[in-house]
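S.K.: need a structure here:
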Amino acid sequence: MAPASFNSADVARRCAEKSDKNGDKILADVADKVIYLREKPASAADERNYKIKYAELLNPAQLEAVTHRDGPLLVVAGAGSGKTRTLIYRVARLIESGVPPGAILLLTFTRRASQEMLRRAEQLVGDRAGAVAGGTFHSFANLVLRRNGAAMGLKPNFTILDRSDMEDVVNLLRTRMGLGSRERRFPKKSTIAEAISMARNKRRVLEEEIELDFPHLIEHVTEILELAKSYENYKRERSLLDYDDLLYRLAELLEQHENVRRRLSETYRYIMIDEYQDTNLIQAELVRLLATAHRNVMAVGDDAQSIYSFRGANFRNIMDFPAIFPGAKIVKLEENYRSLQGILDVANEVIAHAGEKYTKALFTGRRGEFRPILVRAQDEHMQSRFVAQRILELREEGVELSEIAVLFRSSFHSFDLELELQRRDIPFIKRGGFKFIETAHIKDVLAHLRVIANPQDAVSWLRVLMLVKGIGHRSAERALESLIAADNLNPESAIAKLGAARGGSESGLKRLAAVIAALRREGQRPAEQIAMTIEYYLPVMREAYADDHPKRERDLEHFQNITERYRSLEQMLSDMALEPPTDSLDGVLAVESDDEYLTLSTIHSAKGLEWKVVFLIWAADGRFPGPQSVGDEEIEEERRLMYVASTRARDELYLSYPIYMFDRSFGYVMGRVSRFLEDVPANLLQTATLQEAEDPD
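M.R.: The predicted structure is shown next:
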């Protein structure tokens, strides 16, 4: 078959203009009490008294938010509308108005965000901004609890457990309770820790949280509740707090000790919260409690970018802000400084169909005629080839790889594309998930095929043998010598002999011998061998990874789909071995700092970022939204996810999906475009169907 050729020459020119990136920052430490000097807001005539010319530097909506003084304010900040700029200038405005910097509390979600904001505020008003209190919710809670926690019996020298520490404590207690024995399957420490954490973030009792979000753990609910109780006692006895405790105990302190609540509220007379749509119930409650004495709360966020419910974020927080703070002023930031209008038109159309929202329409003053393109590919591999080829064309046109991103709903959606990029020597990093060949279940399946291709592969044999119930590392190592020394043309006979000698593991080893024999039959395509291996492996995987086996099964389904195009097992295994750099930093596969690389990212990991050109792959129903998204709330969050993906692009946006998709139950099925794009008018989203180029004469 001739390589595909896709003509992209008709794409409109791209503008080089970059929008002002929204930075982030903060630090904090203030006295227990600040005397608040009430001053009247400056009138228009008094603007000349301000050093900063706000009206010249801000658009009308930003100016309205920045000059707001007292009372609750909700700033609904559309994507790329300069929300961070608005927060920074409001800090400066309050300080210039005479508000003591220590009376301002700025809460963000990352330390880097807070530090960057204060740095930029200092550039506007000088060192005074350094006295502004702030940081993340957790760092603020830590500071307050160390100073005021004695009121609730909390020692100021408490130790904070990170998630890994938390899991280790859970595991220790689980073992002590006899719940971690090999004879009995019990949820992993990470799963138990996640359930406990989510219950805290959502302010639910643990039993309710398990019923709603972890139903597969219900059979163990009694033991988990007992374990969770032991965990709480263990922490309190040893002055330990985990990350969730920081917020939970601060809320407890403010609710139960009015004198502390009043003192803190009088100290922090102006409260500002960034990314309010990402707050959970406890964080929203903390804001309400801290505003007891004044109601001067400015919440900045975008309901259309509320996409983290799986972390406990609550969409209702931003929607119910006017009800929690009656009389709240609402300001909408709709002028976008990032994207061309064609891209914004598609994003506006996607979110316009949301069931509940703050109505807004993004617009821009940027000039450019590019319209997003919906690309229909024959299958997944053609989709991958199109993306790779268009990326190479963009490089020829002068677009750097670092200005290009490929986004997807789930990490495994990029598996086939990763192989295509490797084949074309296009360097990339991946955000949001491991490379599929590094995940345990994919490595397990590959190990079975590697021993077929090379019976002397001791590492793969160890992995294969240890999947058999009753075979540990020591037993597998002892068996290796006889296996590798056996007739290489008949390794299954050695496995059978090993089974006869092992007694308790005999049945498992017989199954392994049978599948090895089946895999060695000649004339099979790699996809057929993969299918047999998966059929053998699924029961093993479901027991070994009982907590999240449905997700792993979807990974295997996509892996099988990838192998459909291979005719040679050796070629497939060779391709799988071509890995990019493996050093990992904050979930990103690292490359040399001077190297130029393409970004592959889940949409969740791409929020807050932007690129000149964005490809969104697998924009197909059943993939986006996925099959697990069935409830109205889940579908609405998936819609918001599509909006976030679309608004990451500055100059060009390509959305693609395969016409034929592989389904493990039904084989190949007809794909259709994501329901979120179905109603976008053709004049806003043009469609292109890829075809294989004919061989030249």
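
S.K.: what's the neighbour count on the nearest residue to F428 once chain neighbours are set aside?
M.R.: Excluding the flanking residues, the one nearest F428 by C-beta to C-beta, 6 or more residues apart in numbering is L598, at 4.1 Å. C-beta: built from backbone N, CA, C; applies to glycine. Neighbours of L598 under the rule other C-beta atoms under 10 Å: 24.

S.K.: before we move on, what about E678?
M.R.: Neighbours of E678 (other C-beta under 10 Å): 10.

S.K.: let me see the contact set for it.
M.R.: Counting by C-beta atoms under 8 Å, 6 or more residues apart in numbering, E678 touches no other residue.

S.K.: can you list the low-confidence ranges for the stretch 351-500 of the chain?
M.R.: 432-438, 456-459, 473, 481-494, 496-500 (pLDDT under 70).

S.K.: what segments of it are helices?
M.R.: 380-396, 415-423, 440-453, 458-466, 473-485, 491-502 (DSSP state H, counting those that start in this stretch).

S.K.: helices of the stretch 151-300 of the chain, start to end?
M.R.: Under DSSP H, counting those that start in this stretch, the stretch 151-300 of the chain gives helices at 163-176, 189-201, 206-213, 221-237, 243-256, 258-267, 281-290.

S.K.: could you give the angle of the fourth one to helix 163-176?
M.R.: Orientation of helix 221-237 against helix 163-176 (axes from the mean of the first three to the mean of the last three C-alpha atoms, to 10 degrees) gives an angle of 120 degrees.

S.K.: next, the buried residues of helix 221-237.
M.R.: The neighbour-count check on helix 221-237 (16 or more other C-beta atoms under 10 Å) flags E223, I224, L227, A228, S230, Y231, K235 as buried.

S.K.: and it, how far from the chain's centre?
M.R.: Helix 221-237 sits 29 Å away from the centroid of its parent chain (C-alpha atoms, centre = their mean, to the nearest Å).

S.K.: per-residue confidence averaged over it?
M.R.: Averaging pLDDT along helix 221-237 gives 92.

S.K.: can you check the last one too?
M.R.: Model confidence over helix 281-290 averages 96 on the pLDDT scale.

S.K.: what's the answer for the shortest one, then?
M.R.: Averaging pLDDT along helix 206-213 gives 92.

S.K.: for stretch 286-293, output the C-alpha coordinates as PDB.
M.R.: In PDB, the C-alpha atoms belonging to stretch 286-293 read as follows (Å, rounded to 0.1, in the frame of the first residue of the first chain):
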ATOM      1  CA  LEU A 286     -13.700  27.500  54.200                       C
ATOM      2  CA  VAL A 287     -14.200  30.600  52.000                       C
ATOM      3  CA  ARG A 288     -17.600  31.100  53.500                       C
ATOM      4  CA  LEU A 289     -16.400  30.800  57.100                       C
ATOM      5  CA  LEU A 290     -13.400  33.200  56.500                       C
ATOM      6  CA  ALA A 291     -15.800  35.800  55.100                       C
ATOM      7  CA  THR A 292     -18.000  35.800  58.300                       C
ATOM      8  CA  ALA A 293     -17.100  39.400  59.200                       C
END
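
S.K.: so what touches it?
M.R.: 72, 105, 107, 137, 141, 247, 250-251, 254-255, 261-262, 264-266, 268-269, 271, 273, 279, 297, 299, 324-325.

S.K.: among those residues, name the buried ones.
M.R.: Buried among these (16+ other C-beta under 10 Å): 72, 105, 107, 137, 141, 247, 250-251, 254, 261, 264-266, 268-269, 271, 273, 279, 297, 299, 324-325.

S.K.: still on that earlier bit, ok, the residue nearest to F428 - contacts?
M.R.: With C-beta under 8 Å, 6+ apart, L598 has these contacts: I391, L401, S402, I404, A405, V406, L421, I426, P427, F428, I429.

S.K.: let's check: the centremost residue of this protein is which one?
M.R.: Closest to where the C-alpha atoms of the chain average out (C-alpha atoms, centre = their mean) is H604, at 3.6 Å.

S.K.: now do it against V350, distance only.
M.R.: Between H604 and V350 the computed distance is 17 Å (C-beta to C-beta, to the nearest Å).

S.K.: and whichever strand or helix holds E543, C-alpha only, in PDB?
M.R.: For E543, the host element (DSSP states H and E) is helix 526-544. These are the backbone C-alpha positions of helix 526-544, laid out as PDB (Å, rounded to 0.1, in the frame of the first residue of the first chain):
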ATOM      1  CA  PRO A 526       0.300 -10.900  15.700                       C
ATOM      2  CA  ALA A 527      -3.300  -9.700  16.300                       C
ATOM      3  CA  GLU A 528      -4.400 -13.300  16.600                       C
ATOM      4  CA  GLN A 529      -1.600 -14.100  19.000                       C
ATOM      5  CA  ILE A 530      -2.500 -11.000  21.100                       C
ATOM      6  CA  ALA A 531      -6.200 -12.100  21.200                       C
ATOM      7  CA  MET A 532      -5.200 -15.500  22.500                       C
ATOM      8  CA  THR A 533      -2.900 -14.100  25.100                       C
ATOM      9  CA  ILE A 534      -5.500 -11.600  26.300                       C
ATOM     10  CA  GLU A 535      -8.100 -14.400  26.600                       C
ATOM     11  CA  TYR A 536      -5.700 -16.300  28.800                       C
ATOM     12  CA  TYR A 537      -4.500 -13.200  30.700                       C
ATOM     13  CA  LEU A 538      -7.900 -11.600  31.500                       C
ATOM     14  CA  PRO A 539      -8.800 -13.900  34.500                       C
ATOM     15  CA  VAL A 540      -5.200 -13.400  35.900                       C
ATOM     16  CA  MET A 541      -5.400  -9.600  35.500                       C
ATOM     17  CA  ARG A 542      -8.900  -9.300  37.100                       C
ATOM     18  CA  GLU A 543      -7.500 -11.000  40.200                       C
ATOM     19  CA  ALA A 544      -4.200  -9.200  40.200                       C
END
